[in-house]
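A.B. asks: build me a model:
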Amino acid sequence: MNVWEIIGLVAILGMAGGLTNCFLAGGFTSPQSDTEGKVWKPGWIANIIIGGIAAVVVWCFYGPASSYDLVKDGVIDFHLPVAQIASSILVGISGAKILTTMAQRQAERAAKIDLAKVLEDILKSKE
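C.D. replies: Got it, this is the predicted structure:
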């Protein structure tokens, strides 16, 4: 296998991890924004894409061919150890989980702001 085939395989494995995160996060929702545009929920497509990207980035940094020179294109015998396969899936789950957590935090922040406004209105109306 050449380096591009392995990168593609690692991306697919990371995308499988992103897909797994969709199951863990509660299903396949489409990307959504609230009416005021303050909160964006990425949905299943973004989870899968981020999972693939995260797996490739980590493989490029820490994989067995991390010192490979793409410009020089030397002859190298590439390998994809079983540990790299498992870690690509795990990194895909983790990368997608980070995206999901960021969206949840943004939604919680917006909810706190809305709650504060409602409480402020209630207190003003009692005066």
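
A.B. asks: pull out the buried positions in stretch 97-110.
C.D. replies: Across stretch 97-110, burial judged by 16 or more other CB atoms under 10 Å covers Lys97, Leu99, Thr100, Ala103. For the C-beta atoms, the positions are set from N, CA and C on the backbone; glycine is no exception.

A.B. asks: again with stretch 23-34
C.D. replies: Ala25.

A.B. asks: could you tell me the end-to-end distance of that stretch?
C.D. replies: Using CA to CA, to the nearest Å, one end of stretch 23-34 lies 23 Å from the other.

A.B. asks: gap between that stretch and the chain center?
C.D. replies: 13 Å (CA atoms, centre = their mean, to the nearest Å).

A.B. asks: and Ser66, how many neighbours?
C.D. replies: Applying other CB atoms under 10 Å, we find 9 residues neighbouring Ser66.

A.B. asks: ok, it touching Cys60?
C.D. replies: Yes - contact criterion CB atoms under 8 Å: Ser66 and Cys60 qualify, at 6.4 Å.

A.B. asks: what residues do those two have in common as contacts?
C.D. replies: Shared contacts of Ser66 and Cys60 (CB atoms under 8 Å, 6 or more residues apart in numbering): none.

A.B. asks: can you report how many residues neighbour Val3?
C.D. replies: 15.

A.B. asks: before we move on, back to that, and which of the buried residues of stretch 97-110 is nearest to Leu115?
C.D. replies: Using CB to CB, Ala103 comes nearest to Leu115 of the buried residues of stretch 97-110, at 18.7 Å.

A.B. asks: that closest one sits in which helix or strand?
C.D. replies: Ala103 is part of helix 82-126 when elements are defined by DSSP states H and E.

A.B. asks: list the helices and strands that helix packs on?
C.D. replies: helix 3-25, strand 40-41, helix 43-62 (3 or more CB pairs under 8 Å, 6 or more residues apart in numbering; DSSP states H and E).

A.B. asks: now render those as JSON lines, adding distance to Val71.
C.D. replies: JSON lines is the format used below for the helices and strands packed on helix 82-126 (distance: least, CB to CB, whole Å):
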{"stretch": "helix 3-25", "distance to Val71": "12"}
{"stretch": "strand 40-41", "distance to Val71": "38"}
{"stretch": "helix 43-62", "distance to Val71": "15"}
